[in-house]
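>>> Output the structure for:
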Amino acid sequence: DTLTETVLLEIISYYRFSVKTVNEAKPPAEFREASLRHAPALQHGDDLILSHQDEIIDYIDRKFPIPSLKYECSAASDATANLFRSFAFFIKEVNIDPKALNTELTRLDRYIDDISTSFLAADHLTHLDCYILPRLHTIRIALSALKEYEIPTNLHNLWNYMKRGYAMESFRKSCPSDQEIILYWAERPDTPNLTSQKRSHLYRQKTTYSWDIPIDAQNGCSNHENLMRMLHKLLSCWDYGNLIYLLH
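I've put the predicted structure just below:
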């Protein structure tokens, strides 16, 4: 999808880069002159142009090896393996209800609750985050508009993870607007369409980016956050001669 393709450029998050969104049906002249037909594509300097997703990732890994965005975490891979498939089945109405999607979102929420890192496999973004964060955002925006589905606000760990992703400059620079995401999915032949009235309203809307977190979703804390609060309480009580035992 459009979001996933452009946010793949997020893997350049520590370097200077610019993102240009392209309507493949009416590409700009510079896109055509580079003999490009599909996004994503990468141009580095005057000579290098890559248009295959795997080639882009491989090139960036070789050209900018530090910090490494590679990861080795089978638990993280397992926790996210079926997420996008469950979304696709729901939006394409292979599955009428969101039960399978909720199961996968809950699986990811529990995984995030069990880890101590800021992101899925490290304290910095890895390729897995560059794959999952845009998909979570797609689930949030596209399903809300086309299926009236909202990610459950009781999945506090998941929302906090999305919040950390939203805070990254690289995510914001490469993230399409809500309108672009909705229109992309609405225009597919196998997904719910928009009425002409809703489509017209969408075109007239001011461009929006939903990077806020619902208030109800911010109330929970992960185990790691709870531990930090307990340690803070321990230190604050120390001056008063109190002793707190932490069980593990």
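
>>> Lys70 and Tyr131, how far apart?
As for Lys70, its distance to Tyr131 is 13 Å (criterion: CB to CB, to the nearest Å). For the C-beta atoms, the positions are set from N, CA and C on the backbone; glycine is no exception.

>>> no wait, Lys163
Distance, Lys163 to Tyr131, by CB to CB: 18 Å.

>>> Quick check: which ranges of the protein have low pLDDT?
Scanning the chain for pLDDT under 70 picks out the ranges 1-19, 65-67, 219-248.

>>> which residues in it form strands?
In the chain, strands defined by DSSP state E lie at 42-44, 48-50, listed in chain order.

>>> and of those strands, who's closest to Ile91?
Counting by CB to CB, Ile91 lies closest to strand 42-44 out of the strands of the chain; the figure is 28.2 Å.

>>> what lines up beside the closest one in the sheet?
The strands beside strand 42-44 in its sheet (DSSP bridges) come out as strand 48-50 (antiparallel).

>>> Between Lys163 and Tyr131, point out the one with more neighbours.
Each of Lys163 and Tyr131 had its neighbours counted (other CB atoms under 10 Å), and the higher figure belongs to Tyr131 (18 against 14).

>>> Now do the same contact list for Glu72.
Contacts of Glu72 were listed using CB atoms under 8 Å, 6 or more residues apart in numbering, and they are Ala121.

>>> gap between it and Leu128?
Glu72 sits 10 Å away from Leu128, going by CB to CB.

>>> got any residues that touch both of those two?
Taking CB under 8 Å, 6+ apart as the contact criterion, the residues that touch both Glu72 and Leu128 are Ala121.

>>> Can you give me the separation between Phe64 and Lys70?
As judged by CB to CB, Phe64 and Lys70 stand 12 Å apart.

>>> Of all the strands of the chain, which one comes closest to Arg204?
Minimum separation from Arg204 across these (CB to CB) falls at strand 42-44, 33.1 Å.

>>> what comes into contact with the closest one?
For strand 42-44, contacts defined as CB under 8 Å, 6+ apart pick out 9, 34, 48-51, 56, 59-60, 63.
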